[in-house]
Structures are given as C-alpha cells and as structure tokens.
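In: What follows is a protein structure lacking sequence information:
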C-alpha cells in the first residue's frame, strides 16, 4: 500500500479469475473490484495441529459445495499446504509475488486438480520469507482482499507473530484449530488473546482512542491481563469509545475447531473452551465442531491427498464437511460481509 | 461482556432463573468439572487464582440457589420473586411464609414500579385494558390466537399457567423498562386466563359451570382460544424484550404443559371450591397463594386472572390431578382462611391495587380472589353488594375477609364512579376476563352503567346454568368496562388505590368502603412497604421493627450490633438461633476482619445473621464484605 509497488490497483482489478465461477459481484463501495465474499483464516498458535489439513480439506469441501475457493498458504515460514493437496512443488509461490518477479497475484495461482479450488502456495525458496516486511505484508493483505473468489482461505502458520495475527483478524471467520491437549489449548488461548489485542490496536486509531488502549496495554501496574481490564480502563476515560470498542470486539468472533478428538470427552472440549472463554472474557466463541482422530486422515496426508477426496466417507472427512456446511449456513444467514 | 464477578448466580451457573434445584446442582457439577484446576478448557486461560475465584463463586451460587430460603432472598434481591413459585412447590412446609414473602416482594416491586412509572401506568393501564377487553370479546380469541398461534399447549390449563407466569415475568422484567410491553402482555394473559376458565368450565360442565360460569362465560367466548393462552406465553416470551421475561415464561409454559388436561376440571373447581383446597396439600395451596400474590402484585389488571391462573399453574406444576387445581383456587381462598394466609391474600390484592395506578386493575385482583374463593357469585347470584356476596357466599369465614378487602378496594376505585362498590366489581369483571367470576358477583350489585355490571349479572345467572349466555355477555361487558376504566383511570389518583391496598393488607381484613378512601392519601410506595412489612411480620415470627437504616448505610459490625441490640437479642441468643459461633459473631460486630473466616463462609455468616436480624441478607453481606475487603486490602 505504501510501497511504490508495481501492483497498482489496476492489477487487482485485472486479477484473473482462474475459475469461471469465481466471478463475484463486488460489494458496493469497492469500485467494482472483485473481492472474495468471505475470508476464512485458519490459525491455532501451536504447530502440528492440523491447520493445513483443515484448510485444505475445508477448501475442498467448500469447492465441492459449489463455491470458488482460493487457498492461500500464509504459513510463510513453513508452507506445506500444497503438499496436503498433492500439488507438488509449485512453480510459482507467494514469495514470487512478494519478491516482485511475479507482480500479479493471478500469476502465482495454481490449480489443484479439484474443480473450483485453486491455490497460492507458500514461499518455498526464500528463506527469509517468514520475516515479512511491513510493506510486503500490506501489499499482500491488500491484494488478497482484492482476490476474487467466493471463499479465500488463509492457512496461517504457528505462533502469534503479527504476521500471523494480522491475517487472522482480517478474516470474516477466524477458525481456531485446537487439539484436546493442554499444549494446544494453551497456545490457542494465547493466540486468541493476541488476536483480540491486535484487533484492539487496529481499532484504536480508527476510534481515536489510541492513547487509551495503549496506556491500558502498557500499564504495568497489575498488568492488564484481560480484555475486561482493558475495557474497564478505557471506559474510565471514554465510556462511549469503550462501548464501541466492546461492540467491535464482540463482532469479531473466533470459531473453534477441535481436531484429533480421540474420546467422546474430547468432542466437547470445543464447547468447554468456548464456555470458559466466554465466562472469563465475556466474548462469544463458536464451537464449529470436532474432527475425530482418524487414521484415514493421517494416511491421506501420507498419500499427499486431501482426505476429503481420498476417503470422503471417513469420520474426519464427514466432520470437515459438517464444518463447511456450518460455515456456509453462517454466511447464508448473514448477508452483510464485514469490510 | 460481563466478567463472571459481575454475573448473578443464575448467569454464573448458566441456568434459567426458574431452574429447579436439581438442574442447578447438575449445572454446578458440570461447571465444576469444566473449571476444575486440571480441566483442559481453562488451562492457561487465566490465572489459577481467577479460576479458584470462579469456582468459589460458583459454589456460593450453588449453595444459595439450592437453599430454598436463601434463593428466595436472592431472588427478591434480583427482583425475581415470581420464580419463588417454583420454590414453594419444592418446599411445601414454608408455603405460607413463602407466600408472605412473595407478597411482600411483590408489593415492594409494585411499589417500586408505581413509583417509577407513576405517570406511565395510567396510559398503559388503559391500553392494557383495551386489549384485554377486546380479547375477551370476539376479538380476544383472534388476538390470543395471533399472539399465541404458535404456542401449542393443548390444555387450557397450561395456558392459564403460562399466562400468569408470563404475566409475572413480564411484569418483573418490564417494570423497569417497558411498562407498555408488560401491559401488553398482560392483556393477552388475561385473555388466556379467560380462555382457560372457559375451557375448564366446559370440561367441568356441570358443577363448575355454575361456579365458573361467569368466568367461563367470558372464557367461553374465548374458549376456542384456550390454546391461545399457551400461545400467549410464547408470544409474551417472544415479545418480551427482556430475557428474563422469556426465561420465566418459558418455564412456566413447561409446567403448564405438564399439567394440562387435569387442570381443566380443576379449573372449575378452583372457582368454586376454595375450602377443599385448604385441606389439601399445603404446598399446593401455598403455591397458589403465591402465584396469586405475584399476579396481583405484578398486574393490577390481570390479577384476578393471575390468581386463578396461578392457582392453576401451581396445580399444574404440582400434579395433574384436579385437586391441585383446586388447591390453587384454594390458594386464593385459602389465604383468607388461615389467618396468616388471609392476610396475605388480602394484602396481595391490596398490593396489586396499590401499585397500580389503575385502580380498577387493583380492584379486579381483589375482587377476583373474593369471587373465586367464595364463588359467592355463583352461589349467591343476586348478591347486591360485592362485599356481601363474597361474605355471604363463601362458606368459609376466611373467605369473607378477602372479599371484604376486595370490596373496599372497589369502592375506592369506584370512588370516582357513581356507585363505588358496584362499579368496582363491574370494572374488575370487565377488565379481567377472569373477572368473569367476579363479574358474576358484581352483576347483581353492579351498577347498570357499567357494561361490566350487566355482564356480570348475566354471568352470575349463567353461573347457575348454561354457560353460553354468560359467555357472550361477559365479553361484551368486558370491553365496556375497560373503557370506563380507562376513563376513570386518569381521573383517579393513585392514592385512592393505595388506600385500598392498605386496608386490604391489614389483618382486619373486612374493611369498610369508607375506610379505603380514607387511607388513600398514602403514596403507593408507602403502602406497599407497609403491606410488605406486615406480611413479613405476620408470616414470620413477630419481630420488632427494624431501626431506621439509611438506604445507603454500610453494614459494618457496629451497625449490625446496634440492630441486634435494638431487637433485644443478646449475642448468645443470636448465636444459638443462627448456629453461628458467638466468637464469629463477636468478630463480625467488632469488624475484626483478619479474624474472620474466608469470604465464602463469612458471607454465609452475614446472610444468616442479617436474616435473623430482619435485614436484607444480600445487602448486608455485600456491604460488609466490601468493607472487609477494603480494610484488609485484598482486592
């Protein structure tokens, strides 16, 4: 955005639609630019919890449901979404786009072999790709927002760096993948909190309450640990701003997916986490459902094929289909896309 | 966004305010598992001390909500006295007490409401009436249907049940926010009530016919709509802007559903047989009274309905058997019987009246009890004076007092109207479909002017025999009365109503018309408070009046000591009665915070102590604990 890039608006406008169905009516106010209807970000904080597996199969499920889907491997430092999809080593990756030899997003979009599903693979060669510069990130974010597809699925990397979080809070659906394990839950909470704080920071300028949030965040005195504390602090100084802030925060919903549930009790971990989250932070979290631990899923990864295609009737595949249909239902019921 | 520290006990345990104790325990067990220290869901979510704090608070919540008395207190604090009905059911023994409490609380609420919305009530009241009247008429059916079309409740009883609850719920919830809404809901309620009665009457046919006729008659028209009653609840819940209302109504509906069919029969009984109820299970009876109270308190308009409904509801919840229903009816009637109960009932009526700007409404409630209890109307169709009716009609002497109470109220209301006594009955009748019974009573006495009066008369006659006539007549009447009421309302000062209330609340019971008027000067709040105090003192042990404590007083040890001494208790007496060790009590009174037990226990001590001293346990514990934590520097 600030970078004098060679990716001007015209590019975005010209963004090719690799798939004919990908034509999406542009929302008003965006100058007729194509734009993904919905952005789904899949995060989770911890590594190895199946983010890429969920992303890939969710993409397949949505594509199979008739949506045009663009999968983006935003795991800049450890991209392997293409592997999950069995695409092999892609010729063009995100790093090509970022490093300007491919200046148009459409140049790095590769087909996946699944109808209506295309992929932007993660950086392969650039060893410093994970350390995205601010300007690069802005360019990427902006370009992704201009991508045309019904669904844009961002497969995020592990960790809670801003590079990851910023993609997460950009999304309409922030999918948080957790395993029913303390390590994963711990990281998921951390991720969620980081996302909310980042969201706070992103909003503060917008609402002219920058100082308030900043001071709230930096107050060392009994350091503010929760959003409640922050809000309380802000409210003390600016009740109106705090209210708007609260509304904004409440509008940002994290949706949980429990992966690799091995027991029946594990299946309810998502609900428990959502409940605890709400109890302590007063923010709703949705439980999208659990995916059973499934050897088929593991075998499918070994075969480098999405389990949804390899074994569509396996428990994991059906669970993902259920999640996809739930997302579709959510989007169907609310027609106003978040900007 | 509400941190758990600010959640009330119900929110904390994630249960509806009407949740039975078993549900609360189950919820508690589930949550304790969820928030167990080794639970994965809270791992690394927050500090362990926060989890501990949450667990402690949940335990506290569970302890309070699973103790009937504590829960009642807590509900009162929350303004949820309606829910007490459930409790009452759960614990039959303290029925009377409960009823008294509920009355008191209801009164308080009413008082508050009236105070808050003194202006609003007038407008609303009329509107409510209007609605009700139409509903009672042909329109009533449609209305109900529209509203409750969704609702499925097959049995009229259920409808009734729901109606009252909705009513209550709406009342409670609405009193602060949307009075209008509540009134709106109320009107439907009324309709439902009517329906129910009608349904009942049909079911009962014979005996009930006579007694219930009047009510039935009205209901009769609506009978088709009985189901609508259920719908009403649903509507109410839906319409209810406030969650509370919904929650309450929902549960109500459930209960109603359970006890659907059986009630129909009972319904008629209700009208007629109040005496049996007395004999019947105390619990039921108690429930009924409470319901009645609540209803009255909350609604002026529908009080009658409520009462009957409440009774029905109670019964429904209880058992299917008709008896229950009867008990309910009894409840109202019952109130009159036992002294304490009597007081309660009258008071309730009074309360209702007092709070309400619409004198008519109030009147109605009162009348209703009288009518229902004695059903004197039916029996003594020709009774000219409402008061006399109730008295004469009712076999049970207790019934008489209520009746009389109602009578006074009426006069007061009527005050404006030419013929006080007569008018009032008529009004009430017209206003409340329920009134039907009342109407029956009123009819003879009632002045021709009021359409209601004629109607009531009609009803009364029918009571003896066929329902149809009655039915038609009542509806017609109802509308008119409503109108008249409306007109009157503006004219009438609240004070007059209050006055009515007062007398009612008084144990003396049988008030004279003149008296009521005299009393009218007091403010609604004052009346309500007085009534409440009386009820409380009656029902419970005799207790000296609490010394004046400013509303913002901080309950430190010193104040608690002064209150105790004002009551003439020694420390040891209190210790013996509360089973709190005198050492703790000493420390509490001496504000030796460090020497006091952990907060959870301290709260229990404070609440018990406050109860023993006749103070508001929650207020005391909250205030004291705040002081304690301030002083000890704990945050």
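Out: Looks like it came in fine. The shown structure was predicted, so the numbers you read here are calculated from the model rather than taken from an experiment.
In: Can you name the residues that contact the residue of the stretch 1-150 of chain A found nearest chain B?
Out: Distance from chain B to each residue of the stretch 1-150 of chain A (C-beta to the nearest C-beta) is smallest for residue A:45, at 10.5 Å. Using the backbone N, CA and C atoms, a C-beta is placed for each residue, glycine as well. By C-beta atoms under 8 Å, 6 or more residues apart in numbering or on different chains, the residues touching residue A:45 are A:158, A:159, A:160, A:176, A:184, A:187, A:188, A:190, A:191.
In: what's the distance between the closest residue to the last one other than its chain neighbours and residue A:138?
Out: Among residues not flanking residue A:191 along the chain, residue A:45 sits closest, at 3.5 Å (C-beta to C-beta, 6 or more residues apart in numbering or on different chains). To residue A:138, residue A:45 is 24 Å away according to C-beta to C-beta, to the nearest Å.
In: same check, this time on residue A:157
Out: For residue A:157 relative to residue A:138 (C-beta to C-beta), the value is 18 Å.
In: next one: residue A:228
Out: Here residue A:228 is placed at a distance of 31 Å from residue A:138 (C-beta to C-beta).
In: and those two? which has more neighbours close in?
Out: Applying other C-beta atoms under 10 Å in any protein chain shown to residue A:228 and residue A:138 shows that residue A:228 carries more neighbours, namely 20 against 16.
In: can I assume the more buried one sits in a strand?
Out: No - secondary structure of residue A:228 (DSSP: H, G, I helix; E, B strand; the rest coil): helix, not part of a strand.
In: Do I have it right that it meets residue A:281?
Out: Yes - the pair residue A:228 and residue A:281 qualifies as a contact (C-beta atoms under 8 Å) at a distance of 6.7 Å.
In: before we move on, which element is the residue positioned nearest the centre of chain A in?
Out: Note on chain A: the residue nearest the mean C-alpha position is residue A:41, at 1.0 Å, using C-alpha atoms, centre = their mean. Applying DSSP states H and E as the criterion places residue A:41 in strand A:38-43.
In: circling back to that earlier point, got the contact list for the nearest residue to the residue nearest to the centre of chain A once chain neighbours are set aside?
Out: In space, and not counting its chain neighbours, residue A:41 is closest to residue A:171: 3.5 Å by C-beta to C-beta, 6+ apart. Residues near residue A:171 by C-beta under 8 Å, 6+ apart: A:39, A:40, A:41, A:154.
In: where in chain B is pLDDT low?
Out: Along chain B, segments meeting pLDDT under 70 span B:1-3, B:80-525, B:527-548, B:633-635.
In: one more time with 80, if that's ok
Out: Scanning chain B for pLDDT under 80 picks out B:1-6, B:44-47, B:77-553, B:631-635.
In: and residue A:173, what are its phi and psi?
Out: phi -120, psi 110 (degrees, to the nearest 10).
In: what is it paired to in the beta sheet?
Out: Counting by DSSP bridges, residue A:173 forms beta bridges with residue A:40.
In: Please name the residues that touch it.
Out: A:38, A:39, A:40, A:41, A:253, A:255, A:327, A:330.
In: Between all of the residues you listed, which two are separated the most?
Out: A:41 and A:330 (14.5 Å; C-beta to C-beta).
In: my guess is residue A:62 contacts residue A:331, does it?
Out: No - the pair residue A:62 / residue A:331 is not scored as a contact, 10.2 Å apart, by C-beta under 8 Å.
In: Which of those two has more residues huddled nearby?
Out: residue A:62 (27 against 18).
In: what's the helix or strand for the more buried one?
Out: helix A:51-64.
In: ok so, going back, let me know the distance separating the residue nearest to the centre of chain A from residue A:58.
Out: Note on residue A:41: its distance to residue A:58, by C-beta to C-beta, is 11 Å.
In: Overlap in contacts, those two.
Out: A:153, A:175.
In: residues in contact with residue B:624?
Out: B:555, B:556, B:557, B:560, B:588, B:602, B:606.
In: ok, it to residue A:161 distance?
Out: Taken as C-beta to C-beta, the span from residue B:624 to residue A:161 is 49 Å.
In: Residues touching stretch A:307-316, excluding its own?
Out: A:53, A:57, A:60-61, A:64, A:114, A:291-294, A:296-297, A:299-301, A:303, A:317-318, A:320-321.
In: Now the buried members of those residues.
Out: A:53, A:57, A:60-61, A:64, A:114, A:291-294, A:296-297, A:300-301, A:317-318, A:320-321 (16 or more other C-beta atoms under 10 Å in any protein chain shown).
In: Which ones among those residues lie within strands?
Out: Counting by DSSP state E, the buried ones among the contacts of stretch A:307-316 place A:291, A:292 in strands.
In: if you skip the residues just before and after it, what's nearest to residue A:151?
Out: Per C-beta to C-beta, 6+ apart, closest to residue A:151 is residue A:69, 4.6 Å.
In: State the phi and psi torsions of that neighbour.
Out: phi -130, psi 130.
In: And residue A:178, by the same measure?
Out: phi -130, psi 150.
In: what's the spacing between it and residue A:66?
Out: Separation of residue A:178 from residue A:66 (C-beta to C-beta) stands at 29 Å.
In: Residue A:117 too?
Out: 11 Å.
In: still on that earlier bit, and the pLDDT at the residue nearest to residue A:41?
Out: Note on residue A:171: pLDDT of 86.
In: And for residue A:315?
Out: pLDDT, read off for residue A:315, is 91.
In: For it, grab the count of nearby residues.
Out: Residues lying near residue A:315 (other C-beta under 10 Å) number 17.
In: mind checking the longest helix of chain A?
Out: helix A:182-207 (DSSP state H).
In: Give me the helices and strands touching that helix, please.
Out: helix A:162-170, strand A:173-178, helix A:210-218, helix A:227-237, helix A:239-251, strand A:254-261, helix A:269-281 (3 or more C-beta pairs under 8 Å, 6 or more residues apart in numbering or on different chains; DSSP states H and E).
In: The shortest one versus strand A:38-43: what angle between them?
Out: Going back to what we said before, that points to strand A:173-178. Here strand A:173-178 runs at 20 degrees with respect to strand A:38-43, directions being taken by axes from the mean of the first three to the mean of the last three C-alpha atoms, to 10 degrees.
In: Strand A:173-178: which residues count as buried?
Out: By 16+ other C-beta under 10 Å, the buried positions in strand A:173-178 come out as A:173, A:174, A:175, A:176, A:177, A:178.
In: any idea how far the residue nearest to residue A:331 when sequence neighbours are not counted lies from residue A:70?
Out: Excluding the flanking residues, the one nearest residue A:331 by C-beta to C-beta, 6+ apart is residue A:38, at 5.6 Å. Look at residue A:38 and residue A:70: by C-beta to C-beta, they are 11 Å apart.
In: next one: residue A:259
Out: Here residue A:259 is placed at a distance of 23 Å from residue A:70 (C-beta to C-beta).
In: and the gap between residue A:200 and chain B?
Out: 13 Å (C-beta to the nearest C-beta, to the nearest Å).
In: I'd assumed residue A:245 was in contact with that residue.
Out: Yes - with contact defined as C-beta under 8 Å, residue A:200 reaches residue A:245; the gap is 7.0 Å.
In: My impression was that residue A:87 belongs to a strand - is that right?
Out: No - with three-state DSSP as the criterion, residue A:87 is assigned coil and is not in a strand.
In: If you tally nearby residues, what's the number for it?
Out: Neighbours of residue A:87 (other C-beta under 10 Å): 19.
In: That one touches residue A:114, doesn't it?
Out: No - using C-beta under 8 Å, residue A:87 makes no contact with residue A:114, being 10.0 Å away.
In: Would you mind listing the buried residues in the helix or strand harbouring residue A:266?
Out: Assigning secondary structure by DSSP H and E places residue A:266 in helix A:264-267. Buried residues in helix A:264-267, counted by 16+ other C-beta under 10 Å: A:266, A:267.
In: And stretch A:147-163, by the same measure?
Out: Neighbour counts over stretch A:147-163 (16+ other C-beta under 10 Å) mark A:147-161, A:163 as buried.
In: Quick check: end-to-end length of it?
Out: Chord length of stretch A:147-163, first to last residue, is 19 Å (C-alpha to C-alpha, to the nearest Å).
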